[in-house]
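Q: Predicted model, plus sequence, below.
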Amino acid sequence: MLASTETLMAIDGPHIDPYLFQQQLEAFRSFVEEHSGLAFVSFASNPYTEEQEGYKYEIHHAGRDALAFQAWKQSDIGTGDIVEAVIGAIEIPKSNLVPWKGRFGKEARPHQPLYEAKNQQAKLAKIEECLFKLYREEQDEESFAELVSFFGKTYPLLAYLFFLKDRSKYLPIAPTFFDRAFEHLGADFKTSHRCSWENYSIYVALIGELKAMLAESLASEVTLLDAHSFAWMLAAQMEHENKLANVQDYLSLPSTEREAIVKARIGQGRFRESLISYWSACAVTGCGEAALLRASHIKPWAKATLEERLNLYNGLLLSPALDACFDSGYVSFNDDGKILISKRLTVEDACALGVTSYMRLKRVEPEHRKYLAFHRAHIFR
């Protein structure tokens, strides 16, 4: 079960800022929709994210096939077979997860020590023993330190070797890009020139936190590699195309005001509490289990002013399916509260989600109407 955002924030160490995350997620949705022509629902289902980032799964499979470490035996240590397998796992033609081609000659390849070990029996035995320990035993911290002694602090190479071991625990790294991604997400953390097991562990933990936040926001399955792709695309694509969210207003606020906004956004603050008090149950279905209900902004958080973000009348308390449909523009409501269903939502999908044309808001105050009008004009499909 994923930890909630507030639980993650309680753990010591650097963290993703929930407000900046939501702002960049909204920008990411728009960016992906612009490139794909489709609403972003999940990483696996969108053709643009699949085209841009799906190759990493292919490289992982190809690398593990080349390694075939499940068949390694103690007697292979010192034969050169393990080194050859690792070279094959690194030198995958389409791979950009580790800079293996050596732009400044073969001697500049980060895995050059593997080639040199072929002609030095003592070194060959030591490096193959280290690689055997990495892939066949569970001494990862010790293995990391030993690999540093062979390859130096070649962060992308070391991270890639660990990624091949287990993509559910470890990730590739491009320090410059991920440092920028963490900056855009408000995490006070650097990886450049800081290659160590401790730094790598914090890096993976931050991407794990990002994974949990994405899963919570998207209400869909998100892998660690998906979260890695999200961060990479922020720094490598959206920054380049000037598509990141403008967060200068937020960054200019005093820390106390930022904390109030964050608390409101992650469901701890007065916005959610005021909606629960006002509606007492789902504003449409009447479901009264508060733990299942979402505090949904009518005028989206990313498009609202600071005052509008906390305004009671800019919110609906909705069941998860209705919240997802409303947030994505598949449903809206007229000024009398009657539901409007987008033609993009098929009859079959509406039925599966429990959305019917008879639904309506339990109440609509005059103060709701300007927000509903905005939703119909700018969000409803």
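A: On my side now, so go ahead. Numbers count the residues shown, from 1 in each chain.
Q: Could you measure from residue 20 over to residue 109?
A: From residue 20 across to residue 109, the span is 37 Å (CB to CB, to the nearest Å). Yep, even glycine has a C-beta here, placed from its N, CA and C like the rest.
Q: same deal with residue 90?
A: 9 Å.
Q: overlap in contacts of the two?
A: Residues touching both residue 90 and residue 109 (CB atoms under 8 Å, 6 or more residues apart in numbering) are residue 100.
Q: In contact with the residue nearest to residue 288 when sequence neighbours are not counted, which residues?
A: Closest residue in space to residue 288, ignoring its immediate chain neighbours: residue 281 at 4.2 Å, by CB to CB, 6 or more residues apart in numbering. Residues in contact with residue 281, defined by CB under 8 Å, 6+ apart, are 287, 288, 293, 317.
Q: Go again with 10 Å.
A: 287, 288, 289, 290, 293, 317, 319, 362 (CB atoms under 10 Å, 6 or more residues apart in numbering).
Q: Run through the residues that contact the residue nearest the centre of the chain.
A: Geometric centre of the chain, nearest residue: residue 227, 2.4 Å, by CA atoms, centre = their mean. By CB under 10 Å, 6+ apart, residue 227 lies in contact with 16, 43, 171, 206-215.
Q: tell me which element it falls in.
A: helix 224-233 (DSSP states H and E).
Q: Quick check: what element follows that helix along the chain?
A: Following helix 224-233 in sequence order, the next helix or strand is helix 248-251 (DSSP H and E).
Q: buried ones in stretch 160-171?
A: 160, 161, 162, 163, 164, 165, 167, 170, 171 (16 or more other CB atoms under 10 Å).
Q: Could you chop the chain up by domain?
A: 1-254, 269-378 (automatic domain parsing).
Q: Kindly provide the whole-number mean pLDDT of the shortest one.
A: pLDDT averaged over domain 269-378 equals 92, rounded to a whole number.
Q: swap in stretch 130-140?
A: So the average pLDDT for stretch 130-140 ends up being 95.
Q: Outside of it itself, list whatever touches it.
A: Contacts of stretch 130-140 (CB under 10 Å, 6+ apart): 64, 67-70, 72-74, 76-77, 82-83, 85-86, 114, 142-147, 149-150, 158, 161-162, 164-166, 169-170, 197, 200-201.
Q: tally of neighbours for residue 221?
A: Here the count is done by other CB atoms under 10 Å, and residue 221 has 11 residues near it.
Q: again with residue 277
A: Residue 277 has 11 nearby residues by other CB under 10 Å.
Q: For the stretch 201-350 of the chain, which segments count as helices?
A: 224-233, 248-251, 255-265, 270-279, 306-309, 320-328, 347-353 (DSSP state H, counting those that start in this stretch).
Q: scratch that, the stretch 51-200 of the chain
A: 55-67, 81-90, 112-117, 121-136, 140-151, 155-165, 175-184, 197-218.
Q: Need these in TSV (columns: distance to residue 352).
A: Shown next, in TSV, are those (distance: least, CB to CB, whole Å):
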stretch	distance to residue 352
helix 55-67	28
helix 81-90	43
helix 112-117	53
helix 121-136	44
helix 140-151	43
helix 155-165	37
helix 175-184	36
helix 197-218	18
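Q: Point out the most buried one among the ones you listed.
A: Among the helices of the stretch 51-200 of the chain, helix 155-165 has the highest mean neighbour count (mean count of other CB atoms under 10 Å), at a mean of 24.
Q: Residue 177 and residue 238 touch, don't they?
A: No. Contact between residue 177 and residue 238 fails when scored by CB atoms under 10 Å: they sit 11.5 Å apart.
Q: Report the contact partners of residue 96.
A: 55, 56, 59, 156, 172, 174.
Q: Tell me the spacing between it and residue 294.
A: Here residue 96 is placed at a distance of 38 Å from residue 294 (CB to CB).
Q: Ok, residue 259 next?
A: For residue 259, the distance to residue 294 (CB to CB) stands at 22 Å.
Q: So for the two, which residue has more residues nearby?
A: residue 294 (22 against 13).
Q: Return the residues in contact with the more buried one.
A: Residue 294 sits in contact with 219, 267, 272, 275, 282, 315-324, 326-327, where contact means CB under 10 Å, 6+ apart.
Q: if you set the cut-off to 7 Å instead, what comes out?
A: For residue 294, the contact set (CB atoms under 7 Å, 6 or more residues apart in numbering) comprises 318, 320, 323.
Q: Also residue 38?
A: Contacts of residue 38 by CB under 7 Å, 6+ apart are 46, 47.
Q: quick one: it is in a helix?
A: No. With DSSP: H, G, I helix; E, B strand; the rest coil as the criterion, residue 38 is located in coil rather than a helix.
Q: what's the spacing between the spatially closest residue to residue 223 that is not a sequence neighbour and residue 220?
A: Nearest non-adjacent residue to residue 223, counting by CB to CB, 6+ apart: residue 211, 7.1 Å away. Separation of residue 211 from residue 220 (CB to CB) stands at 12 Å.
Q: before we move on, what about residue 46?
A: As judged by CB to CB, residue 46 and residue 220 stand 11 Å apart.
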